[in-house]
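K.L.:
sharing a model that was predicted from the sequence below.
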Amino acid sequence: MPKTSKTTIDVQGTAVTVLSQASDDFISLTDIAKHKEPDRSDQVIQNWMRNRNTIEFLGVWERLNNAGFKPLEFEGFKTRAGLNSFVLTPRQWIETTHASGLISKSGRYGGTYAHRDIAFEFASWISVEFKLYLIKEFQRLKEDESRRLSLAWNLNRTLSKLNYRIHTDAIQSHLIPPEVTPAQAAITYATEADLLNVALFGRTAKQWRDANPKLDGNMRDHATVEQLLVLANLEGMNAELIHMGLSQGERLKRLNQIAIRQMRVLTAAPAVRQIKG
């Protein structure tokens, strides 16, 4: 499961939980429902899901965003929606149609969560005014996150560049013979830069460019904050290993092992492919 961070925003005095993953944000419908009925949030959600317009909206969203959605099961719910006898819970909807826009959780982050598109629709059913305040607070949250990420990315990019100076000085002192042409020196620098690229990203700069012809810049420009931090560490460590006289192959193995350990600590997942041999 993708790494999840939990944030709470205040919307007209109601605390609303937002779960952020790598690509999507899910907002607590349970918390939104408490704005209408503090002690009956589950019933509020179920009443909303009995509505035919709600079922049609959920079905359209899933068709647009979820390749695994089951349309036949959806049609069965839509046919019965609106009848006095029709009852549907979030868990039934998820399990029957393989929906991905709703999440029913127990435990630490217990409750019903929905993709932000669906959560805004639900909030509109609760109160148009509440929906507008929810959107405003959610946008403020994402802007704050973007500013923090930008600051952290730029800081680590700066650290990486500073460490690169230490790195190139070590290369010049220990790997480049005294009498070489500038072109030969450039080849050596490029080789050492790719040593770090392979240790951290599992590929050379050329391999990355060949695989991403439509992207501007280089792989480091598209690196995550965690990768840039580890890269800065690897540059300083490689300089020390060069001073110790280790061969390039031995340094590659050691740096790759260090990158794997550090990325696992920072992301709680094996983000770096280990080099064989």
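P.N.:
Noted; the coordinates are in hand.
K.L.:
would you mind measuring from G236 to L255?
P.N.:
According to CB to CB, to the nearest Å, G236 and L255 sit 11 Å apart. Where you see a C-beta, it was placed from the backbone N, CA and C, and this is true even at glycine.
K.L.:
ignore the last one, K36
P.N.:
K36 is 56 Å from L255, by CB to CB.
K.L.:
the two: who's more crowded?
P.N.:
Each of K36 and L255 has its neighbours counted (other CB atoms under 10 Å); L255 has more, 23 against 16.
K.L.:
determine the set of other helices and strands touching the host helix or strand of that one.
P.N.:
Following DSSP states H and E, one finds L255 within helix 248-267. Packing partners of helix 248-267 (3 or more CB pairs under 8 Å, 6 or more residues apart in numbering; DSSP states H and E): helix 182-201, helix 225-243.
K.L.:
so who does the closest residue to G101 other than its chain neighbours touch?
P.N.:
Of all residues not flanking G101 in the chain, H115 sits nearest, at 4.6 Å (CB to CB, 6 or more residues apart in numbering). H115 makes contact with 24-26, 61, 65, 100-102 under the criterion CB atoms under 8 Å, 6 or more residues apart in numbering.
K.L.:
number of nearby residues for I258?
P.N.:
18.
K.L.:
and it, how close does it get to V198?
P.N.:
Applying CB to CB, the value for I258 to V198 is 13 Å.
K.L.:
pLDDT weak spots in the stretch 51-200 of the chain?
P.N.:
The stretch 51-200 of the chain contains residues with pLDDT under 70 at 107-109, 148-189.
K.L.:
keeping just the C-alphas, turn stretch 138-147 into PDB.
P.N.:
Provided in PDB are the C-alpha atoms of stretch 138-147 (Å, rounded to 0.1, in the frame of the first residue of the first chain):
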ATOM      1  CA  PHE A 138      -8.200  21.800   1.000                       C
ATOM      2  CA  GLN A 139      -6.600  24.100  -1.600                       C
ATOM      3  CA  ARG A 140      -4.800  26.000   1.200                       C
ATOM      4  CA  LEU A 141      -3.500  22.600   2.500                       C
ATOM      5  CA  LYS A 142      -2.200  21.600  -0.900                       C
ATOM      6  CA  GLU A 143      -0.600  25.000  -1.400                       C
ATOM      7  CA  ASP A 144       1.200  24.800   2.000                       C
ATOM      8  CA  GLU A 145       2.400  21.200   1.100                       C
ATOM      9  CA  SER A 146       3.700  22.500  -2.300                       C
ATOM     10  CA  ARG A 147       5.600  25.300  -0.700                       C
END
